[in-house]
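Chemist: What shape does this take:
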Amino acid sequence: MSPQMIERLWRAFLDTALMVGVSAGIAVLAGIPLALFLVTSGPGGIFPAPVANRVVGTVVNGFRAVPFIVLLVALIPFTRLVAGTTIGVWAAIVPLSVSATPFFARIAEVSLREVDAGLIEAAQSIGCRRRHILAHVLLPEALPGIVAGFTITVVAMIGASAMAGAVGAGGLGDVAIRYGYQRFDTTVMVVVIAILIALVCVVQFAGDTAVRRLRAR
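Modeler: Numbers count the residues shown, from 1 in each chain. Got it, this is the predicted structure:
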């Protein structure tokens with residue numbers, strides 16, 4: 001493999017890391033409040049709002065139901081509005097974030113719903129305000145599950161970022177398509193696959209380690 005290709009692969013790896021890292025950050029910042037709303041606004045929640053809960057839940061399900069490659073194309077006008085372009089790393093971050101946020105929100109919602117209702121009732125009985133219940137009961141108790149869900153989300157985003165390379169988003173997927181597939185360079189394809197596998201393994205290991213430490217508190 002030529003030095004130029006090695007340099008190209010390195011830049012593609014950095015582009016993929018940037019895409020996934022920024023999108024994952026957005027997914028966390030938007031997904032956790034969304035999950036909290038879905039949990040607390042439902043029947044029996046501490047902020048009951050059934051109509052809003054159904055509307056938001058339907059929107060979340062709608063985005064989750066759309067395959068990423070379709071969402072990528074459908075969001076082109078929005079991507080152009082936000083990023084000013086429809087190609088490159090920053091253009092890919094928009095659909096990646098939109099796709100990952102509802103996915104992560106539903107996973108975080110499951111973890112939040114598994115928190116023992118008795119803990120919430122106990123907090124209410126001693127006069128805790130609802131915002132304190134969110135910050136000091138729901139989130140800390142659900143944190144291991146949320147971290148595990150975030151790990152799953154990041155792994156899915158790595159695959160989606162590679163898929164985005166097929167439409168000019170850059171990153172490892174772009175190198176695999178342009179040099180591995182279109183130029184029939186099997187070596188490049190194998191190297192890209194190996195890098196993606198290694199990246200997924202590192203993310204999964206880090207996530208599993210964090211979950212074990214949180215559960216051992």
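Chemist: following whatever helix or strand residue 30 lives in, which helix or strand shows up next?
Modeler: Per DSSP states H and E: residue 30 is located in helix 3-40. With elements assigned by DSSP H and E, the helix or strand that comes after helix 3-40 is helix 50-65.
Chemist: mind checking which helix or strand the nearest residue to residue 165 once chain neighbours are set aside is in?
Modeler: Distance criterion Cβ to Cβ, 6 or more residues apart in numbering; nearest residue to residue 165, sequence neighbours excluded, is residue 173 at 2.3 Å. Where you see a C-beta, it was placed from the backbone N, CA and C, and this is true even at glycine. Assessed by DSSP H and E, residue 173 sits inside helix 171-175.
Chemist: Render the CA-only coordinates of that helix in CSV, please.
Modeler: Extracted C-alpha coordinates of helix 171-175, given in CSV (Å, rounded to 0.1, in the frame of the first residue of the first chain):
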residue,chain,number,x,y,z
GLY,A,171,-14.6,9.2,5.9
LEU,A,172,-13.8,5.5,5.7
GLY,A,173,-16.9,4.7,3.8
ASP,A,174,-15.9,7.1,1.0
VAL,A,175,-12.5,5.5,0.7
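Chemist: buried set for that helix?
Modeler: 171-175 (16 or more other Cβ atoms under 10 Å).
Chemist: swap in stretch 147-166?
Modeler: Quick answer for stretch 147-166 (16+ other Cβ under 10 Å): 147-151, 153-158, 160-165.
Chemist: for stretch 123-138, same thing?
Modeler: Within stretch 123-138, the residues scored as buried using 16+ other Cβ under 10 Å are 123, 128, 133-134, 137-138.
Chemist: now, which of those residues lie within strands?
Modeler: With strands identified by DSSP state E, none of the entries of those belong to them.
Chemist: Pick out the most distant pair among the residues you listed.
Modeler: 128 and 138 (11.1 Å; Cβ to Cβ).
Chemist: now for the helix or strand hosting residue 147, which elements pack on it?
Modeler: According to DSSP H and E, residue 147 maps onto helix 139-164. Judged by 3 or more Cβ pairs under 8 Å, 6 or more residues apart in numbering; DSSP states H and E, helix 139-164 is in contact with helix 3-40, helix 68-74, helix 89-113, helix 171-175, helix 186-215.
Chemist: Tell me the one of the buried residues of stretch 123-138 nearest residue 198?
Modeler: Nearest to residue 198 among the buried residues of stretch 123-138, with distances taken as Cβ to Cβ, is residue 138, at 35.3 Å.
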